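Student: Just a sequence and a predicted model for now, questions to come.
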Amino acid sequence: MNNKDLITAAINATKYSYSPYSKYKVGAAILTKNNKVYTGCNIENASYSATVCAERTAIFKAVSEGEKAFTKIAIVCRKDSDSSDNDYPSPCGVCRQVLSEFCTDDFQIILAKNEDDFKIYTLKDLLPHSFTVKNL
Ligand code: THU
């Protein structure tokens, strides 16, 4: 699957975002090495701390169905107040850490405003000197 289609899947996932507190919708779509896409949205909670991010929703859905090899993830965000001018998203530290558990050095993190405007990073870019199984 190409980057544009993966970004479209992430944008579609924002439709299911449950974000009544922040009004900040996030969508993610992760691609497995055998070409399957798992999507996720952020799911907030009145307790706040029980909120889960879109990226973790997507990767946990995949891992819970037996997937452990991934090639790339597309992430988008939408502010309820301003749907015309989208920002690049930035995955939180917990999501970067969770991605680092399963993703290899060539895994691509696509941070997209839309299908035609995106930046691609690696985990080394976003989480240098990370804590991994090698530290144990
Ligand atoms: N959020 C994500 O879904 N992904 C991130 O990496 C950053 C934050 C969500 C969590 C919460 O629902 C909202 O954005 C505001 O923090």
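Tutor: Here it is on my side, so go on. Numbers count the residues shown, from 1 in each chain.
Student: Up against the ligand, what does this structure have?
Tutor: With CB under 6 Å from any ligand atom as the criterion, the chain comes near the ligand at residues 19, 22, 24, 26, 42, 44, 51, 53-55, 91-92, 95. Glycine gets a C-beta too; all of them are placed from N, C-alpha and C.
Student: Narrow those to those that are buried.
Tutor: 19, 24, 26, 42, 44, 53-55, 91, 95 (16 or more other CB atoms under 10 Å).
Student: what about the most centrally placed residue in the chain, is that helix, strand or coil?
Tutor: What sits nearest the mean C-alpha location of the chain, by CA atoms, centre = their mean, is Glu55, with 3.2 Å. Using DSSP: H, G, I helix; E, B strand; the rest coil as the criterion, the local structure at Glu55 reads helix.
Student: Surely it touches Pro91?
Tutor: Yes - using CB atoms under 8 Å, Glu55 is in contact with Pro91, at 5.4 Å.
Student: And for Pro89, nearest residue in space, chain neighbours not counted?
Tutor: Cys77 (4.0 Å; CB to CB, 6 or more residues apart in numbering).
Student: ok so that neighbour is a strand residue?
Tutor: Yes - assessed by three-state DSSP, Cys77 belongs to a strand.
Student: Enumerate every residue touching it.
Tutor: 14, 24-27, 86-87, 89 (CB atoms under 8 Å, 6 or more residues apart in numbering).
Student: now the strands for this protein?
Tutor: Here the chain has its strands, by DSSP state E, at 24-32, 37-41, 70-79, 108-114, 117-121.
Student: how about the ones you listed in a markdown table, adding mean pLDDT?
Tutor: Output for the strands of the chain, formatted as a markdown table (pLDDT from 0 to 100):
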| stretch | mean pLDDT |
| --- | --- |
| strand 24-32 | 98 |
| strand 37-41 | 98 |
| strand 70-79 | 97 |
| strand 108-114 | 98 |
| strand 117-121 | 98 |
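Student: Which one, of those strands, ends up nearest to Lys61?
Tutor: strand 37-41 (4.7 Å; CB to CB).
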